[in-house]
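Visitor: Give me the fold of what follows.
(2 chains)
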2 protein chains.
Amino acid sequence: MRGKILVVGGVAGGASVAARVRRLDEYAEVIMFEKGPHVSFSNCSLPYHLSGIVEDSSKLVLMSPEVFKKRYNIEARVHHEVVKINRDRKTITVKDLLSEKTYEESYDKLVLSPGASPIRPNIEGVNQPHVFTVRNVVDIDHLNTHIKQNGIKNIAVIGGGFIGVEVAENLILAGYHVSLIEFANQMMTPFDYDMVQILHKEMVDNGINLIVNDGLAKIEENYIVTNSGKKIDAETVVLAIGVKPEITLAKDAGLEIGETGAIKVDANYVTSDRDIYAVGDAIEVYHKILHKPTRLALAGPAQKQARAAADHIYGNMNRQKGVIGSFSIHLFDLNAAATGLNVRTAEQAGIQCDSVYVMPGDKVGLMPNSNPMHFKLVYEVPTGRILGAQAIGKGNVDKRIDVIATMITMNGTLEDLKDLELTYSPMLGTARDVVNHAAMVALNLLHGVYREVKVSEVRKLVEGNAFIIDAREKSEYNAGHLKNAINIPLSEFRERVDEIPKDRPVYIHCRSGQRSYNMVMALQHLGYTNVYNISGSYLGISLYEYYNDLVTGREKIVTEYNFK
Amino acid sequence: MRGKILVVGGVAGGASVAARVRRLDEYAEVIMFEKGPHVSFSNCSLPYHLSGIVEDSSKLVLMSPEVFKKRYNIEARVHHEVVKINRDRKTITVKDLLSEKTYEESYDKLVLSPGASPIRPNIEGVNQPHVFTVRNVVDIDHLNTHIKQNGIKNIAVIGGGFIGVEVAENLILAGYHVSLIEFANQMMTPFDYDMVQILHKEMVDNGINLIVNDGLAKIEENYIVTNSGKKIDAETVVLAIGVKPEITLAKDAGLEIGETGAIKVDANYVTSDRDIYAVGDAIEVYHKILHKPTRLALAGPAQKQARAAADHIYGNMNRQKGVIGSFSIHLFDLNAAATGLNVRTAEQAGIQCDSVYVMPGDKVGLMPNSNPMHFKLVYEVPTGRILGAQAIGKGNVDKRIDVIATMITMNGTLEDLKDLELTYSPMLGTARDVVNHAAMVALNLLHGVYREVKVSEVRKLVEGNAFIIDAREKSEYNAGHLKNAINIPLSEFRERVDEIPKDRPVYIHCRSGQRSYNMVMALQHLGYTNVYNISGSYLGISLYEYYNDLVTGREKIVTEYNFK
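Guide: Below is the predicted model:
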């Protein structure tokens, strides 16, 4: 169309739009405006500069304006802030932040990719120079220089989302004392409360002072004060409590803002003005499972939106499928990943669901570095439609979550998942993959083949002195067990079945749920009608209890934990 | 049903059937017959005993007959060979190999899981004591003891399937000189000829004397002779040329054998006798994409078949979806995986298809251990239906192949794959995953947005003195390039476009295909009608050419390879 296309914002979304437009039209005039000094930097890699994993912060910038010009014939105007959209005459008003001059630039099509900005809570002390946010290369450089030059020892990170957690991890790796303060009762909300306890443990095991259920009340020079009155040493504070979409420009121009507070777009990322597109963290997207608008500040979707917007400028329609939300994180020795809904978000949405929590090996047990993988699968009841999954472990957890993401996208059910024929070799997996295993357990529950109680209910059972059988061998039991569990190994139970009462509920666990499952099935065949497998089994119970035992000092329900 | 269920064969399939039957029926009498000394061993882990990765071979045995009895109340009769099925009176004739006594055992339902046996070619010297096959723990123990006790230095492995390659790898890791002889023009046939060159290189780089296109003619005491007359030092020979299904028992009993030479079963793994089931490597399965019977000797499908057969004994029908074939292997520093059809098998089946070969980074380039991932996607033309994929690299290749396996199972297309919202964090992937990337390239080809030539065609182009542009920067070009390529970096091409002829085909590559793609698109907009991207780009060309350059000593088409 040989027109003039302006792009506001030069990071993931903006740079992708510009490059895509060039591939579709060698003659278009393309100008990208960025108020900061850099276009096209690796947003998601910023925290890794703090630990030195990315030693040179200039490496975070993937492409300079000069290279954009030479390779793509795209003009990238850095230090240029777009202050206004003049829709009536199809221009934008731009302020050159270095010369302080303001000018207008006309467009045929305008693409907004302004991103989202870190939220700064309105509390005492928040505007001091030792309080930082992390949005771009300049921010991370400032933070890193500050803590190095001032000999900082104690740092408080406020907010347990992905950025907060990654910043905390990288600061620990760099040798600082780090506190992480989270207002909710858990960090990283894509994970359910039960699964996240594994990550809470990983944080404290690696020396992070993790405080949940507490907010930031006040920032002093050398410490912070929490809502509960705790004083925590911190000569530096990093705010990572969330982001808000940058909508000022769009709102001032009268573009429609959606119910989530982000810019409203159609299936092709066109705003309420047909010559203006918007992509990335500033827009509202449609959730495939929840069937309603949502916000999703992730790089992957932003890139896809950018490509679709550019394509639409050139007449190609986007096939809009809605988002599901897929996440991963590497955290010390663990990998964690999640996709779709968890039980909390499904229940909030009023979707009838259930879940299973299994922990098979991530590869053949004989192979080096074989470890349990903690996997939770969430599905709709009674349809068996797959809603989401969460996986945590030392091994290849993102593989399993990507399979579930694919299943959700393709409207898969537990039946589909059970039969899925996945790759296998002893070094890389197991013949029955984790996801097959989880689907089989879920189908058993869905069809009422047996019943289970969740790992979160075990404390109540122990405290209520329920009849709990530990189906492991005696040596395993002796190394640590639930305080009132009776040890009847699966290998002995047929001789000792008389010890098991028929007139009260019986709860059974072993190490990872396999032996207890066999015992539950056998007891049911023997006429027991009130038998439950304990989901999560001893490994899961240990991990679920550990962090709260530690921080509350409450009485433990186990004699010793077992994490392996 | 409280009946009597006999299982022939106690490895993956058989042991799974027996354990599943027990869970479905506490009262059933279950007896498993195994002619060897072990039930339930890790078949796929056998080669790892040779390197010492599994140091103690007894660890390969996952469960003893005693534990089967105690945990599952299943009788496992080892050293018991089932020699005949007497269908008229519903019994089997069993030979106790230790006492040499023969007896009959009756069944209500009989499950055959006899597996497949290694093929021994009928050639001179094949029956000598230094010639081995690898099927079970006894075999691998014999082989390992033999080579250790006799101070063996040179070993020839015959056959480049998964077992042969894994045996060769583990012998190299143990310090032996190893030759691998493969009759076909490549090893590991799930990979296309172009992709497998990467694995050929890995083999020779790690010291394996890899000989393809040559067969075994004769085995002497200290060497072997190949069909082409090569004499290769080998005091020990391992035969791994393939397996044949164990059908004697079934055939003698008059059970139907399928067109592939394996036992024919229905959707529930029932043979032509409704009281006899068969599972595992001895049966014929239905291929989901090819729509015809096939054989698939893999542990994962065997386990699923076992479960389905046991379920059917108890009245639960199996939902038969057909197999697709999903494989993975860890090979020295590489992981490799494949699923579905490759170009060769698709073309053999008469399916109209095309493929793309891309090599994006497996994670964000700034992160430690970021490496290119070589990924080939095969799809149907013109439907865009996904048929298969192959991936090779140091990183998480099986993740990407499992996503493709899921897509194939769910009848996904390139459009579905392009939009797939997968997990991402810098340490674990890229915002645009490899599979999204491949789908975008494939859609471009499918829709004729641009054209490409395959990596296998580059030698012909160079030898024919085609007009080839190397779009990398000068320093990259100087470090190694195609002998007649002209260096026009993408960053200079708009000033130098006059150097590019309009009257002859123009072929463009860079390092991994991204810059050349941009140049191809720009040239097309500038009126060039005969422009081709070179699939695989310089990285792919280097890897494709390397092994054959090395073994044939032919003239190289590159000045220096580039593998990074």
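Visitor: Number of residues surrounding the closest residue to residue A:48 other than its chain neighbours?
Guide: What sits nearest to residue A:48 in space, not counting adjacent residues and going by C-beta to C-beta, 6 or more residues apart in numbering or on different chains, is residue A:54, at 4.5 Å. Glycine gets a C-beta too; all of them are placed from N, C-alpha and C. Neighbour count for residue A:54, taken as other C-beta atoms under 10 Å in any protein chain shown: 23.
Visitor: likewise residue A:343?
Guide: Around residue A:343 there are 21 residues (other C-beta under 10 Å).
Visitor: what's it in contact with, if anything?
Guide: A:192, A:353, A:355, A:378 (C-beta atoms under 8 Å, 6 or more residues apart in numbering or on different chains).
Visitor: Got the confidence number for it?
Guide: According to the predicted model, the pLDDT of residue A:343 comes to 98.
Visitor: ok, back up a step: what about the contacts of residue A:343, which one has the most neighbours?
Guide: Neighbour-wise, the contacts of residue A:343 (other C-beta under 10 Å) top out at residue A:378, 27 neighbours.
Visitor: which helices and strands does the helix or strand residue A:494 falls within pack with?
Guide: Using DSSP states H and E, residue A:494 sits in helix A:493-496. Helix A:493-496 sits against helix A:514-525, with contacts defined as 3 or more C-beta pairs under 8 Å, 6 or more residues apart in numbering or on different chains; DSSP states H and E.
Visitor: what residues does the helix it packs on touch?
Guide: A:441, A:449-450, A:469, A:471-472, A:488-490, A:493-494, A:497, A:500, A:506, A:508-510, A:531-534, A:537, B:19, B:22-27, B:71-72.
Visitor: Pull that helix out as PDB, backbone CA atoms only.
Guide: C-alpha atoms of helix A:514-525 as PDB (Å, rounded to 0.1, in the frame of the first residue of the first chain):
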ATOM      1  CA  GLN A 514       1.200 -45.800  43.200                       C
ATOM      2  CA  ARG A 515       1.200 -48.400  46.000                       C
ATOM      3  CA  SER A 516      -1.600 -46.700  47.900                       C
ATOM      4  CA  TYR A 517      -3.700 -46.700  44.700                       C
ATOM      5  CA  ASN A 518      -3.300 -50.500  44.400                       C
ATOM      6  CA  MET A 519      -4.300 -50.900  48.100                       C
ATOM      7  CA  VAL A 520      -7.400 -48.700  47.700                       C
ATOM      8  CA  MET A 521      -8.500 -50.800  44.700                       C
ATOM      9  CA  ALA A 522      -7.900 -54.100  46.500                       C
ATOM     10  CA  LEU A 523      -9.800 -52.900  49.600                       C
ATOM     11  CA  GLN A 524     -12.700 -51.800  47.500                       C
ATOM     12  CA  HIS A 525     -12.900 -55.300  45.900                       C
END
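Visitor: ok so, going back, only whichever of the contacts of helix A:514-525 are buried, select them in PyMOL.
Guide: Restricted to buried positions by 16 or more other C-beta atoms under 10 Å in any protein chain shown, the PyMOL selection for these reads:
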select buried, (chain A and resi 441+449+450+469+471+472+488+489+490+493+500+506+508+509+510+531+532+533+534+537) or (chain B and resi 19+22+23+24+25+26+71+72)
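Visitor: Out of the contacts of helix A:514-525, which sit inside strands?
Guide: The strands, defined by DSSP state E, take in A:469, A:506, A:508, A:509, A:531, A:532, A:533, A:534 from the contacts of helix A:514-525.
Visitor: before we move on, the earlier item: tabulate the contacts of residue A:343 (TSV), appending pLDDT.
Guide: Output for the contacts of residue A:343, formatted as TSV (pLDDT from 0 to 100):
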residue	pLDDT
A:192	98
A:353	98
A:355	98
A:378	98
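Visitor: is it true that residue A:354 touches residue A:445?
Guide: Yes. Counting by C-beta atoms under 8 Å, residue A:354 does reach residue A:445; the two are 6.2 Å apart.
Visitor: In the stretch 301-450 of chain A, what residue spans correspond to helices?
Guide: Using DSSP state H, counting those that start in this stretch, the helices of the stretch 301-450 of chain A run over residues A:343-348, A:397-409, A:414-419, A:434-446.
Visitor: relative to helix B:397-409, how tilted is the second one?
Guide: I take that to be helix A:397-409. Angle, helix A:397-409 to helix B:397-409, by axes from the mean of the first three to the mean of the last three C-alpha atoms, to 10 degrees: 20 degrees.
Visitor: Helix A:397-409 vs chain B: in contact?
Guide: Yes. Remark: helix A:397-409 sits within contact range of chain B at A:398, A:399, A:401, A:402, A:403, A:405, A:406, A:407, A:409, by C-beta under 8 Å from any C-beta of the partner chain.
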